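J.: Okay, predicted coordinates and the sequence, questions at the end:
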Amino acid sequence: MDTAEIFETFLTNLSVENAEAISTRRDEITKALNKEFRDLPASTASRLMVGSYGRYTAIRGISDLDMIFILPDKYRDQYTGENGPRRVLERVRKAILNRYPRTEVAVDQCVVRVQFTNFKFEVQPAFEEDDESFLYPDTVAKAWKVTKPRAEIAETSACSARTSGNMRKLARMARAWKNQHGVVMGGLLIDTLVHRFFAQTTDYDAADEADFGLMARDFFQFLADEEDRERYHALGSGQWVKVRKRFQPRAKKAYNLAVDAVDADGKQSAHKKWRAVFGSAVPKAVSSVLAASAETRSYQDTEEFVEDQYPVDVRYTLSIDCKVTQDGFQPRWLRRMMSDRMPLRVKKTLDFVVNKVDTDVPPPYEVRWKILNRGPEAERRDNIRGQIVKSDSPGKRREHTEFRGEHQVEAYAIKNGVVVARDEIDVPIRID
């Protein structure tokens, strides 16, 4: 499988897998609201999907669906004043609750949140203006504010057309990277940065899948070189989009990984290297040589991937560390040991914990872990592990150093059935 085939399969694997379920929920919510506000219970009109789904840059695992319900103009005067935003949102909530009486439906500042099993809708009632902007209610400001999603959708579409569809393809790849490496970036920020990337180069306007490795590499370099900002002007609308956390360090790491993957073009190792960048949506290498080695190897490949068990849509920061202890010795933190170049040896107790100070996932949530043993010793012992396992106690997992190798531990914060944050830590065990 060459580079073109790798990226073609990769992008296919990123396709939203539950589009039918999303469409069904969208239509039912719209019908309920049209029944309430227009006495048209069968109508699915007067709605606009916005956000990543509306811009067609969403990928498999999307958990937040944003929808504007366009209110009839005749209600404008009824919802003026500081209590107007709360009253209209409560009316929307009750109308949706009548359709889904067993579903969690709640007002959340500017939207009505409808929590389904593996995704939620955020429904925003709004009045459409003559310039195609929208007035939406804000219960905190106790006022109506302006949003311009049609301009963002239009500019996404225009840029994608100018670039042979590559703008949307790169935006989807960027989301896969974000989810794989726990990069806290909203969808509008990703699309805005991809748009800025294509604004400063025409090298990939007509690129096909054979050049997507180079395009990804150069995009990560572009991100790594971006100056620190608190916010950007969103594509199309020009409205401010916030930068919640610096993305440059992880973009630099992704650039280095992409350089290695590009250099491996045409080799079996290219698949593995691109998987290190984008995750398991990148296909594994398949060949008669690899198939033969799988039959004759002395260990079982037991590694599991969290995206096969849960939707992944990273939105928050999860930070983990590890307390290293041994009888008779002072406990130490693993990240500090690695920074001080202190070796980690066998016969140690490892307590992996969530660093609550640097974790911003709103509770409640649960944590799953993956303990992955790497190297010849793990293979010889047939003990590579890699299964997704529960915490021993809330936010904690105890392990022990048994044999040398380049081990790795990943942690996943799961909220409402969705992985919303992740982190990882290397555990290099030495015996010399």
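T.: It's in.
J.: tell me the secondary structure for residue 411?
T.: strand (DSSP: H, G, I helix; E, B strand; the rest coil).
J.: residues contacting it?
T.: By CB atoms under 8 Å, 6 or more residues apart in numbering, residue 411 lies in contact with 318, 320, 352, 354, 367-370, 397, 422-424. Just so you know, the C-beta spots here come from the backbone N, C-alpha and C atoms, and that holds for glycine as well.
J.: in the sheet, who's paired with the nearest residue to it once chain neighbours are set aside?
T.: Nearest residue to residue 411, sequence neighbours excluded (CB to CB, 6 or more residues apart in numbering): residue 320, at 4.7 Å. Listed by DSSP bridges, the beta-bridge partners for residue 320 are residue 354.
J.: tell me what whichever strand or helix holds residue 423 is packed against?
T.: Using DSSP states H and E, residue 423 sits in strand 418-430. Contact partners of strand 418-430 among helices and strands, from 3 or more CB pairs under 8 Å, 6 or more residues apart in numbering; DSSP states H and E: helix 166-181, strand 320-325, helix 334-339, strand 344-345, strand 405-415.
J.: Low-confidence stretches in the stretch 151-300 of the chain?
T.: For the stretch 151-300 of the chain, the stretches with pLDDT under 70 are 286-298.
J.: ok, 90 please
T.: 266, 268, 285-300 (pLDDT under 90).
J.: Save the contacts of residue 411 as TSV, and put in neighbour count too.
T.: Output for the contacts of residue 411, formatted as TSV (neighbours: other CB atoms under 10 Å):
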residue	neighbour count
318	26
320	25
352	24
354	23
367	24
368	20
369	19
370	21
397	23
422	25
423	21
424	16
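J.: and the angle for the strand holding residue 423 with strand 320-325?
T.: On the basis of axes from the mean of the first three to the mean of the last three CA atoms, to 10 degrees, strand 418-430 is oriented at 40 degrees to strand 320-325.
J.: relative to strand 405-415, how tilted is strand 418-430?
T.: Strand 418-430 runs at 160 degrees relative to strand 405-415, counting by the same axes, to 10 degrees.
J.: any idea how far strand 418-430 is from the chain center?
T.: Remark: strand 418-430 is offset 16 Å from the chain centroid, using CA atoms, centre = their mean, to the nearest Å.
J.: so what are the domain limits for the chain?
T.: Using automatic domain parsing, the domains assigned to the chain come out as 19-147, 152-261, 298-430.
J.: how about TSV for these, with distance to residue 5 added?
T.: TSV is the format used below for those (distance: least, CB to CB, whole Å):
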stretch	distance to residue 5
domain 19-147	19
domain 152-261	8
domain 298-430	21
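J.: Would you mind finding the most buried of these?
T.: Greatest average neighbour count among the domains of the chain goes to domain 152-261 (a mean of 19), per mean count of other CB atoms under 10 Å.
J.: Distance from that domain to the middle of the chain?
T.: Relative to the chain's own centre, domain 152-261 is displaced by 14 Å; criterion: CA atoms, centre = their mean.
J.: start to end distance for that domain?
T.: Using CA to CA, to the nearest Å, the end-to-end distance of domain 152-261 comes out at 33 Å.
J.: Next: stretch 173-193.
T.: Start-to-end span of stretch 173-193 (CA to CA) is 13 Å.
J.: Quick check: chain neighbours aside, which residue is closest to residue 84?
T.: Ranked by CB to CB, 6+ apart and with sequence neighbours excluded, the top spatial neighbour of residue 84 is residue 137, at 6.8 Å.
J.: Do I have it right that the one you found meets residue 80?
T.: No. When contacts are counted by CB atoms under 8 Å, residue 137 is not listed as touching residue 80 (10.8 Å).
J.: before we move on, back to that, mind pulling the model confidence for the residue nearest to residue 411?
T.: The score at residue 320 is 97. That number is its pLDDT.
J.: how close does it get to residue 369?
T.: 9 Å (CB to CB, to the nearest Å).
J.: same deal with residue 57?
T.: Counting by CB to CB, the gap from residue 57 to residue 369 is 31 Å.
J.: Would you state the helices of this structure in chain order?
T.: Ranges of helices in the chain, per DSSP state H, are 3-13, 19-38, 51-54, 84-99, 149-162, 166-181, 187-199, 212-224, 248-263, 269-278, 288-296, 334-339, 376-380.
J.: I'd like these as CSV, with distance to residue 111 appended.
T.: Conversion of the helices of the chain to CSV gives the following (distance: least, CB to CB, whole Å):
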stretch, distance to residue 111
helix 3-13, 30
helix 19-38, 12
helix 51-54, 11
helix 84-99, 8
helix 149-162, 13
helix 166-181, 21
helix 187-199, 15
helix 212-224, 29
helix 248-263, 29
helix 269-278, 31
helix 288-296, 48
helix 334-339, 38
helix 376-380, 47
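J.: Any idea which of those gets closest to residue 311?
T.: helix 166-181 (9.6 Å; CB to CB).
J.: helices and strands around the closest one, which ones?
T.: Using 3+ CB pairs under 8 Å, 6+ apart, helix 166-181 sits against helix 3-13, helix 149-162, helix 187-199, helix 212-224, helix 248-263, helix 269-278, strand 418-430.
J.: Check the offset of the first one from the chain's centre.
T.: Mean C-alpha position of helix 3-13 versus that of the full chain (CA atoms, centre = their mean) differs by 19 Å.
J.: got the CA positions of it in PDB?
T.: Extracted C-alpha coordinates of helix 3-13, given in PDB (Å, rounded to 0.1, in the frame of the first residue of the first chain):
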ATOM      1  CA  THR A   3       1.100   6.800   0.400                       C
ATOM      2  CA  ALA A   4      -1.900   7.500  -1.800                       C
ATOM      3  CA  GLU A   5      -3.700   4.300  -0.700                       C
ATOM      4  CA  ILE A   6      -2.800   4.900   3.000                       C
ATOM      5  CA  PHE A   7      -4.400   8.400   3.000                       C
ATOM      6  CA  GLU A   8      -7.400   7.300   0.900                       C
ATOM      7  CA  THR A   9      -8.200   4.600   3.400                       C
ATOM      8  CA  PHE A  10      -7.400   6.800   6.300                       C
ATOM      9  CA  LEU A  11      -9.900   9.500   5.200                       C
ATOM     10  CA  THR A  12     -12.500   6.800   4.500                       C
ATOM     11  CA  ASN A  13     -12.000   5.500   8.000                       C
END
